[in-house]
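# Quick one, what's the 3D model for this:
(chains A, B, C and D)
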There are 4 protein chains.
Amino acid sequence: MSEPLPAGLPELRDQVREFVAEVVIPAEAELGPANLDAGRRRELQQQAAARGLLAPQAPPEFGGRGLTLSEQSVIFEEAGYSLLGPPALNCAAPDEGNMHLLHMTGTPAQHERYLRPLAAGEARSFFAMTEPAPGAGSDPAALRTTAARVAGGWRIDGHKRLVTGAEGAAFGICVARTGDGAATMFMIDAGTPGFTVGRRIETLDHAIGGHFELHFDGCEVPGDAVLGEVDQGFRYAQVRLVPARLTHCMRWLGLARRSLDIALDHTDGRELFGARLHDLGLAQALIADSVIDLEASRALVSRACAAIDAGARGTGESSVAKVFVAEAVFRVVDRAIQLCGGSGVSHELPLARYLNEVRAFRIYDGPAEVHRWSIARRASRRRVEARG
Amino acid sequence: MSEPLPAGLPELRDQVREFVAEVVIPAEAELGPANLDAGRRRELQQQAAARGLLAPQAPPEFGGRGLTLSEQSVIFEEAGYSLLGPPALNCAAPDEGNMHLLHMTGTPAQHERYLRPLAAGEARSFFAMTEPAPGAGSDPAALRTTAARVAGGWRIDGHKRLVTGAEGAAFGICVARTGDGAATMFMIDAGTPGFTVGRRIETLDHAIGGHFELHFDGCEVPGDAVLGEVDQGFRYAQVRLVPARLTHCMRWLGLARRSLDIALDHTDGRELFGARLHDLGLAQALIADSVIDLEASRALVSRACAAIDAGARGTGESSVAKVFVAEAVFRVVDRAIQLCGGSGVSHELPLARYLNEVRAFRIYDGPAEVHRWSIARRASRRRVEARG
Amino acid sequence: MSEPLPAGLPELRDQVREFVAEVVIPAEAELGPANLDAGRRRELQQQAAARGLLAPQAPPEFGGRGLTLSEQSVIFEEAGYSLLGPPALNCAAPDEGNMHLLHMTGTPAQHERYLRPLAAGEARSFFAMTEPAPGAGSDPAALRTTAARVAGGWRIDGHKRLVTGAEGAAFGICVARTGDGAATMFMIDAGTPGFTVGRRIETLDHAIGGHFELHFDGCEVPGDAVLGEVDQGFRYAQVRLVPARLTHCMRWLGLARRSLDIALDHTDGRELFGARLHDLGLAQALIADSVIDLEASRALVSRACAAIDAGARGTGESSVAKVFVAEAVFRVVDRAIQLCGGSGVSHELPLARYLNEVRAFRIYDGPAEVHRWSIARRASRRRVEARG
Amino acid sequence: MSEPLPAGLPELRDQVREFVAEVVIPAEAELGPANLDAGRRRELQQQAAARGLLAPQAPPEFGGRGLTLSEQSVIFEEAGYSLLGPPALNCAAPDEGNMHLLHMTGTPAQHERYLRPLAAGEARSFFAMTEPAPGAGSDPAALRTTAARVAGGWRIDGHKRLVTGAEGAAFGICVARTGDGAATMFMIDAGTPGFTVGRRIETLDHAIGGHFELHFDGCEVPGDAVLGEVDQGFRYAQVRLVPARLTHCMRWLGLARRSLDIALDHTDGRELFGARLHDLGLAQALIADSVIDLEASRALVSRACAAIDAGARGTGESSVAKVFVAEAVFRVVDRAIQLCGGSGVSHELPLARYLNEVRAFRIYDGPAEVHRWSIARRASRRRVEARG
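Residues are numbered from 1 along each chain as shown, chains lettered A, B, ... in the order given. Next up is the predicted model:
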């Protein structure tokens, strides 16, 4: 399906597609579709860098191409065609979202110290917001981790949970309560006393490097560890989360497209009850519904990106897109399994694993139900306002 | 939800919204939401014309604004907020699609004779393609109406069915077989000997003026009744049907939005089991799903329009959009009824009637199942090509 | 699908099926599928009585066969195969539910005065519980109609709404508040001073004789107009509503089965794109899903009936069955329309009308959302109890 | 929800429930919810045997209770409440289905040699029917493994795939082609020359002991290895597969119920946005839909069982039940995950694992699409017959 693309974008898209096909997918055979140690990640990133494809979303002064969100939607889908694509291009969560946040809110010194190595793939990072119940989960207002001013800086105490990629990260960002209804973001270097990476929480998904508990026990950081301004943490969280929801959607769309391709390849030429499987209507229904899901997902993401690129906050648009896309990509992978029958649930095809990866996205970045709740409230409120 | 709109479009959208609110909706009270005789239709159109809003999709040289399909998507949704809106603005089916077809394929003489009065609202028209089984329905290749060359022109014989708005139309377009696998379109004036409008077929929907049978029994038309070129009828049918699917989607989206608004107004302030109905989660789920359906529909339509405006044929894009939107608008109206309970199924609210109007759209312009079948076949074929 | 039936039931089922095929369906041609005046209703009932099929659910001493609820589930589905079947067999709402309630709670004198003519088809009745907002709708506790003791009886004041079949009924049952959290049921004879049948509320459904507003303005009734005991009205409402939900399900299941049959007949022999429509997989998916919906509906109803016949209250079981069946029969009729394409939405087939009839059932007897709410609360409570 | 149970069944159900609660679930903590080596399996079975609960479906003369299929539906759901329950009670696939098949078709000698140790838990078995494409999968007619008469018996050649529990099984049953359109079943002892258990096929599900490839290369078996009669293999396959589909449904229903219980326990007492999560309507919708799915599943299974117990073949009934239940239990587990949010996708709760177990059931025993295809064909054929 063709929509006009911005100048230069079709070429970049084709280059990324080629890189994924020539370099990334062959690496899957050796690594499995998801596992990637630090060394192999660097190798892939160097190959991406050699083609000028590393961190395309990063600002040009930090080595990227400064893609708009709309442009990212095209490129990240291509990268997401392999689970190894986003880390290979250095546009995977959580680093990609952290680069955006650092760029938007960091000081020049923070840019040099954190953003530059992150964009170059020389460091990995984490983003620590979620807490164990009854702390901040879907409801940020429940934040329990605190930061108190001490001589020379701040003292952080609390417990974080499901922090992606924390192990092996050079640094990360921690959100802590700094007042009544106010939060602040802090840069945390690995090895800071009082800060420890706790146990890994095993989950359905494996691609991103693991989810960890973090402990802050009297962890002291200097004053310049504050990211942006004090007490602006909740606002910055939106700066990060709104586009991060969308970039997640983009990457998963790539994997959903791959799943449909795998199913089409697998069923091509197969017969059942004397008919070509492709021509069996019940298979056609699965294929058509997946095409529709992919197109609607892509359309919602691109619409939300256009709104944000044009200056809108995009909270509502990205919320709608997130709910739809998270459920749609799950359906697409699920149908691909169904089309492949016994092979679909076996690990001879990667679909079973993909299903587990995308299942978690219906929870991460806000469970679908919480987004639906806020979408309904917003709609009710707007209607009351429109009636005057 | 906001996406950047082309220059001038926001103003036009607001003018149409205002016209619908100030003129069209008040007329519903008197006319019922769907019935419109020729006189009242002219009155409404004159009011639209006075505001410069008549047939905004028509070419400027025929009194319109020459809106692109993308621009139509914004304006027609506003018009569709009332069932009376599209006829009031002269952008209703089948005239709107006929204007487009005439503009794209007609001779200058045909433009003057047919397109000009049509765009001005001085004449109505029909489009006769569908036939009784086993003739052309979803499968145009089954066309049974024939046109044979006779001295001075053509002789048409056949039976058409479900021809919208045929009664009272000044003229129409008839598709007839003119060779093996070839069809031609003919302009048919009301009153041509051998052409009769038969019985009205009562259906679930009422808005458009009724669906009729047509009989062609040795109906002779002159050579210049051929629209465009001989034997190009199937190609022209695509020229008409592809955008016509989308403009249908646009108008129905307006009605779906209205339905959600009616439900939000109705539930606002109501209580059930001691809670505000708006705050009951099961109501919220209905509201949120409708917002998501509306947004995804709008995004798919606007994406398909952008592709076509940029020169694509858009067959696949419009097919995907049609399936999704036809089912989505039905769900939105259905949920609105559910939100309004007993009032929803009564004719105290217009929702019950809207449900019947939008139900038919899941069949008209190709049943969803036929579109799914072609979407699946296209996807399979493309994948085979992509693998090389 | 065959499940063992109680002795004698297969014969009765076949007799009802034969009666519907030979007498009732032919009457549709003349009457339309839904309209039935009092005279024609009596004629059909006399033919049913001549075959010993009238009011089979009524107690034997009142001319029926005293069928258990499980037995009714088989017979009422057969009756419901035509919209005229239940009135012809005198097992339609609201009379059927009123017979049950009168039998369970009435005095011998009330049995003679009301139940006997009702079971014989000599009188029709109404049941007045629902009120305009903010009165009793889905939430009975909001009851606003009051009954106060006066010399020689009671004085009733209030406003009822959506009272089915009120016009032309010889009598009815009215639920009125008689204390704090307590209600009483009263027998109301047509013509009682202070009682008037108000306007008819036009709705999507037409089969049952119309829904009316009732006005009680100082309507005085004698002491023996109390049905059963004073202040037991809410308990009696459950006695009536729980099985009434299920008998509604049974009858609509018959109509859903008819719809699928009509679609199978219509598509048999038709071709599309050179294949028999029956063999097109996308049609097969619609057919299979409808078979599954019918079977699951039947299984849920029969399970709930067995529980109640065995002495359970059945509130939860009937609630689950009602939600599922109301939505399933709607889907079945909707898919039948889709299978029939253009004919499906026309009134050449009765499917379009059936869709409107069954749509209302998702609201009547409690909207699906209200049932879901109570199902969820019950499940949560039971789990807490089970954990101890 | 209560339906009257056969005499003695409530007691047995309570005993199994107690055994699962006291013995089986505690064993999960040690073993993980799915893994069970031969020794630990024997220990659990001995505890079941000590309570008289081992292989309750087996005929009394082989140590069981000879439960009807309807009775099994109650007991197996209880066993399935833990993934370890069915093996602990020796009513897991494939042994349970093999016991049934051996009982129905085996000679007295085969009963002693195979059925007795199988029912006692002293041996495990396999059932080898599925083959690699293009061999027998969903379409048994494509069977490619052959058996040819040789001196003293038969020689089997072929390749089987996805044979559950083959490794470590003492014996199994192999289906091989013995003529044009005819197949025969053979008893295969482990260690028979020419028979080898090949590689394990890794799949989404883990509970049952693994799925293997089998190779038959000139594997010779004696004449008395034929199970039942020669050339009756396809008929016997139905004898096994029809009830086996249903017993699968029963066990998975237990796991689905457990999943809902886990979700209710997890959400009880949690708060979100200041409200108890239980009371949030969007959570209530998930809970209610799961209750409805469980009830409808149970009703369909019990209806199909009653039909088969009463002598019907049950092919259609079990097909409908299988499609519905396989999809319903998947939805129930999926919703339970959603209700538990981040914990739901983590392995702190077993739900993520359960999702993978039940996912495969939508493929095993015939993919849903293949069942739908046969359900639609049967419905079309029946309607043609009914019209005469």
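# only C-alpha atoms for contact and neighbour calcs from this point on.
Noted.
# Skip the chain neighbours and tell me the closest residue to the closest residue to chain C within the stretch 151-300 of chain A.
Of all residues in the stretch 151-300 of chain A, residue A:281 sits closest to chain C, at 3.3 Å by CA to the nearest CA. In space, and not counting its chain neighbours, residue A:281 is closest to residue C:281: 3.3 Å by CA to CA, 6 or more residues apart in numbering or on different chains.
# so who does that neighbour touch?
Contact analysis of residue C:281 by CA atoms under 8 Å, 6 or more residues apart in numbering or on different chains lists A:280, A:281, A:282, A:283, A:284, A:285, D:373.
# On the pLDDT front, check the second one for me.
Put plainly, it is residue A:281. On the pLDDT scale, residue A:281 is placed at 73.
# residue boundaries of the strands in chain A?
Ranges of strands within chain A are A:125-128, A:146-150, A:153-164, A:171-179, A:182-189, A:195-201, A:211-222, A:226-227, A:271-272, A:275-276, based on DSSP state E.
# which of the ones you listed is buried the deepest?
Scoring these by mean neighbour count under mean count of other CA atoms under 10 Å in any protein chain shown gives strand A:125-128 as the most buried, with a mean of 25.
# outside of stretch A:206-224, which residues touch it?
A:34-35, A:83, A:92-93, A:128, A:152-167, A:188, A:192-203, A:357.
# er, stretch A:345-362 actually
With CA under 8 Å, 6+ apart as the test, stretch A:345-362 has contacts from A:33, A:204-207, A:252, A:255, A:259, A:323, A:326-327, A:329-330, A:333-334, A:336-337, A:343-344, A:368, D:201-204, D:338, D:345, D:359-360, D:363.
# run the last query once more with 6 Å
A:204, A:205, A:326, A:330, A:333, A:368, D:202, D:203, D:204 (CA atoms under 6 Å, 6 or more residues apart in numbering or on different chains).
# Do a quick rundown of the helices in the stretch 51-200 of chain A.
A:69-79, A:85-89, A:95-105, A:108-110, A:116-119 (DSSP state H, counting those that start in this stretch).
# Just the residues contacting the first one, thanks.
The set of residues external to helix A:69-79 that reach it, using CA under 6 Å, 6+ apart, is A:13, A:17, A:85, A:86, A:250, A:251, A:253, A:254, A:305, A:306.
# Let's have those in JSON lines, adding distance to residue D:101, pLDDT and neighbour count.
Shown next, in JSON lines, are the contacts of helix A:69-79 (distance: CA to CA, whole Å; pLDDT from 0 to 100; neighbours: other CA atoms under 10 Å in any protein chain shown):
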{"residue": "A:13", "distance to residue D:101": "58", "pLDDT": "97", "neighbour count": "19"}
{"residue": "A:17", "distance to residue D:101": "53", "pLDDT": "98", "neighbour count": "20"}
{"residue": "A:85", "distance to residue D:101": "50", "pLDDT": "96", "neighbour count": "32"}
{"residue": "A:86", "distance to residue D:101": "52", "pLDDT": "96", "neighbour count": "25"}
{"residue": "A:250", "distance to residue D:101": "51", "pLDDT": "98", "neighbour count": "27"}
{"residue": "A:251", "distance to residue D:101": "49", "pLDDT": "98", "neighbour count": "27"}
{"residue": "A:253", "distance to residue D:101": "47", "pLDDT": "98", "neighbour count": "32"}
{"residue": "A:254", "distance to residue D:101": "47", "pLDDT": "98", "neighbour count": "23"}
{"residue": "A:305", "distance to residue D:101": "60", "pLDDT": "97", "neighbour count": "27"}
{"residue": "A:306", "distance to residue D:101": "63", "pLDDT": "96", "neighbour count": "20"}
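# circling back to that earlier point, so which of the contacts of stretch A:345-362 belong to helices?
Residues from the contacts of stretch A:345-362 lying in helices, with DSSP state H as the criterion: A:326, A:330, A:333, A:368.
# And those, which is closest to chain D?
residue A:368 (8.3 Å).
# Report how far apart the opening and closing residues of stretch A:119-135 are.
Terminal residues of stretch A:119-135 are spaced 31 Å apart (CA to CA, to the nearest Å).
# just for the stretch 51-200 of chain A, where's the confidence low?
A:138 (pLDDT under 70).
# ok, the closest residue to chain D within it - contacts?
Proximity to chain D, evaluated over the stretch 51-200 of chain A using CA to the nearest CA, is greatest for residue A:139 at 6.2 Å. With contacts taken as CA under 6 Å, 6+ apart, residue A:139 has no neighbouring residues.
# Where does the prediction get shaky in the stretch 251-388 of chain A?
In the stretch 251-388 of chain A, residues with pLDDT under 70: A:269-280.
# ok, which residues in chain A are in contact with chain D?
Proximity of chain A to chain D, by CA under 6 Å from any CA of the partner chain, involves residues A:202, A:203, A:204, A:341, A:345, A:346, A:347, A:363.
# Max pairwise distance over these: which two?
Spanning the widest gap among these are A:202 and A:341, at 27.8 Å by CA to CA.
# What is the longest helix along chain A packed up against?
In chain A, assigned by DSSP H, the helix with the most residues is helix A:233-267. In terms of contacts (3 or more CA pairs under 6 Å, 6 or more residues apart in numbering or on different chains; DSSP states H and E), helix A:233-267 is packed against helix A:69-79, strand A:182-189, helix A:315-345.
# Turn these into TSV, including distance to residue D:181.
Formatted as TSV, the helices and strands packed on helix A:233-267 follow (distance: least, CA to CA, whole Å):
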stretch	distance to residue D:181
helix A:69-79	49
strand A:182-189	71
helix A:315-345	24
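# Nearest to residue C:60, out of the ones you listed?
In terms of CA to CA, the element of the helices and strands packed on helix A:233-267 nearest to residue C:60 is helix A:315-345, at 54.3 Å.
# what distance separates that closest one from the centre of its chain?
With CA atoms, centre = their mean, to the nearest Å as the basis, helix A:315-345 stands 15 Å off its chain's centre.
# Equivalent analysis for stretch A:13-25, please.
With CA atoms, centre = their mean, you get 20 Å for stretch A:13-25.
# contacting residues around that stretch?
Residues contacting stretch A:13-25 (CA under 6 Å, 6+ apart): A:75, A:78.
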